[in-house]
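> from the sequence below, what's the structure:
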Amino acid sequence: MRLSEFDAIIFDNDGVLVDSEIIHVTVEREMLKEIGLAYSHETYLSRFVGLSMPDFYAELDRDHWLKFGRAFPAGFDAELVRRVWPRIEAELQPISGASELATRFQGLTAVASSAPSDRLTRKLEITGLKSLFEPRIYSSQAVQKGKPAPDLFLHAAAELTAAPTNCVVIEDSENGVRAGRAAGMTVIGFTGGQHADPKLGDRLESAGAHCVVSSHAELLG
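Residues are numbered from 1 along each chain as shown. This next block holds a predicted model:
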């Protein structure tokens, strides 16, 4: 795939620009197991990664009702933030090659993430990537429906004044791939984050990715 043929690259953040998914997934699965909701790594990536926070908790609430007949515990998010963010602040690193790809691409670049705006911005600050993209940093809080709906990617394209068909999306989640395809964009599946399991590439292709790469270096040629 020749990126030079496109007007814009829209990057997901977690697991594409910053290697945060391994931290989030590890802590989230640990905490969910503590309250009786245990998920395999593959199932967790397939169902939950890429969702907006409201959709994430709606899915967990549904599972909790089905298993226990009562609502998902209040206060989970606050405890999750308390446990995960010290690790984010201490351990978070950029994905190798992300900065070079964003810098060398001759067209427009943006970030479109399901994360809340403040957390999204902070991760980019920690990893030194914020200046490469600001002000073209878009959170799902800016739209009515998060991924896998196309709204966030369409919002990013509109802000860039780029036609969706001339945009490339780089995504590490099935929900994100579905969102990019629904937006009419070309979607590259990315498996270069530490959280990726051996079957992630196959699942991204099944979700509709036009191609799958395991590093940003593969896109620099």
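
> any idea how far residue 182 lies from residue 207?
The gap separating residue 182 from residue 207 is 11 Å, by CB to CB, to the nearest Å. No exception for glycine: its C-beta is placed from N, CA and C like everyone else's.

> who touches the helix or strand of the chain with the lowest mean pLDDT?
Lowest on mean pLDDT, DSSP states H and E among the helices and strands of the chain sits helix 41-48, with a mean of 94. Residues from elsewhere that reach helix 41-48 (CB atoms under 8 Å, 6 or more residues apart in numbering): 25, 28-29, 39, 56, 59, 173-174, 195, 197, 199-200, 203.

> and these as CSV, adding distance to residue 18, neighbour count and secondary structure?
Listed next are those as CSV, based on distance: CB to CB, whole Å; neighbours: other CB atoms under 10 Å; DSSP: H, G, I helix; E, B strand; the rest coil:
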residue, distance to residue 18, neighbour count, secondary structure
25, 14, 21, helix
28, 16, 21, helix
29, 19, 18, helix
39, 23, 18, coil
56, 18, 18, helix
59, 23, 14, helix
173, 14, 31, coil
174, 19, 24, helix
195, 12, 22, coil
197, 19, 14, coil
199, 23, 13, coil
200, 17, 25, helix
203, 21, 19, helix
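
> state the pair within those that is farthest apart.
56 and 199 (21.7 Å; CB to CB).

> would you mind giving both backbone torsions of residue 214?
Taking degrees, to the nearest 10, you get phi -100, psi 0 for the backbone angles of residue 214.

> where's the residue nearest to it when sequence neighbours are not counted relative to residue 213, distance?
Spatial nearest neighbour of residue 214, chain neighbours left out: residue 191 (4.9 Å); criterion: CB to CB, 6 or more residues apart in numbering. Separation of residue 191 from residue 213 (CB to CB): 7 Å.

> so for these two, which residue has more residues nearby?
Using other CB atoms under 10 Å as the criterion, residue 191 and residue 213 rank with residue 191 on top: 21 against 18.
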